[in-house]
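Asks: Quick one, what's the 3D model for this:
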Amino acid sequence: MEKAELVKFWLDSAAEDLTACESLFEKKHYDWCLFIGHLVLEKVLKALWIREHYPELHPRIHNLDKLAERIPLELTDQQRAYLLEVNMFYLQGRYPEEKSEFYKICTPEFAQQNFHAIKEFYQWLLNLL
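Replies: Take a look at the predicted model:
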C-alpha cells in the first residue's frame, strides 16, 4: 500500500472502533468500551507514525506513550500521563487475572469520564493530520 492508503486504513479502522466503543458504552459494557478506546488511540497514532516514517513499517507495539514518543509527538505532561493511564485499559482488559479488577473499577462514571477523554484525545490527534 502507498502512504496515503495506509494512513487511511488506520484512520478508517480507528473510526470503526470508535463506533464500536459508542455501542459498548450504550450497552453498559464499560470495560470493553475502554479496552477498544485504547485501540482507537493506538490506530490514530500508527497513522501519524506512518505519515512521518513511511515506507518504514510502524512499530508493532501497543504502548501509546512509546508510540507517541517514536513519532515524535510533542505532548504535555498531562497528555503523556493520560496515555499511560489508557495503556492500563489495554493491559487490564486483556489479561484474565487483571480483568476482574478492571471490571470493578469500570463504573458508569469512570467509563463516561474516560470515554469522553478518549474521544477528545482522538479528535486532537486527528487535528494533527
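Asks: What helix or strand is the most centrally placed residue in the chain located in?
Replies: Centroid-nearest residue in the chain: residue 41, 2.3 Å away (criterion: C-alpha atoms, centre = their mean). Using DSSP states H and E, residue 41 falls within helix 30-53.
Asks: list the helices and strands that helix packs on?
Replies: Helix 30-53 sits against helix 3-26, helix 64-70, helix 77-94, helix 96-105, helix 108-128, with contacts defined as 3 or more C-beta pairs under 8 Å, 6 or more residues apart in numbering; DSSP states H and E. (Each C-beta comes from the backbone N, C-alpha and C, glycine too.)
Asks: Let me know the angle separating the fourth one from helix 108-128.
Replies: In this case it means helix 96-105. 100 degrees (axes from the mean of the first three to the mean of the last three C-alpha atoms, to 10 degrees).
Asks: sorry, back to before: for the residue nearest to the centre of the chain, give its distance to residue 55.
Replies: Distance of residue 41 to residue 55, given as C-beta to C-beta, to the nearest Å: 24 Å.
Asks: Residue 106 now?
Replies: For residue 106 relative to residue 55 (C-beta to C-beta), the value is 39 Å.
Asks: Now do the least confident helix or strand in the chain by mean pLDDT and helix 30-53, the angle between them.
Replies: Ranking every helix and strand in the chain by mean pLDDT, DSSP states H and E puts helix 96-105 at the bottom, with a mean of 81. On the basis of the same axes, to 10 degrees, helix 96-105 is oriented at 110 degrees to helix 30-53.
Asks: shift numbering so it begins at 30
Replies: Sounds good: first residue 30 from here, last item helix 125-134.
Asks: Report all helices and strands that helix 125-134 contacts.
Replies: helix 59-82, helix 106-123.
Asks: Off-centre distance for the first one?
Replies: Read it as helix 59-82. 3 Å (C-alpha atoms, centre = their mean, to the nearest Å).
Asks: now the angle between helix 32-55 and it, please.
Replies: Going by the same axes, to 10 degrees, helix 59-82 makes 170 degrees with helix 32-55.
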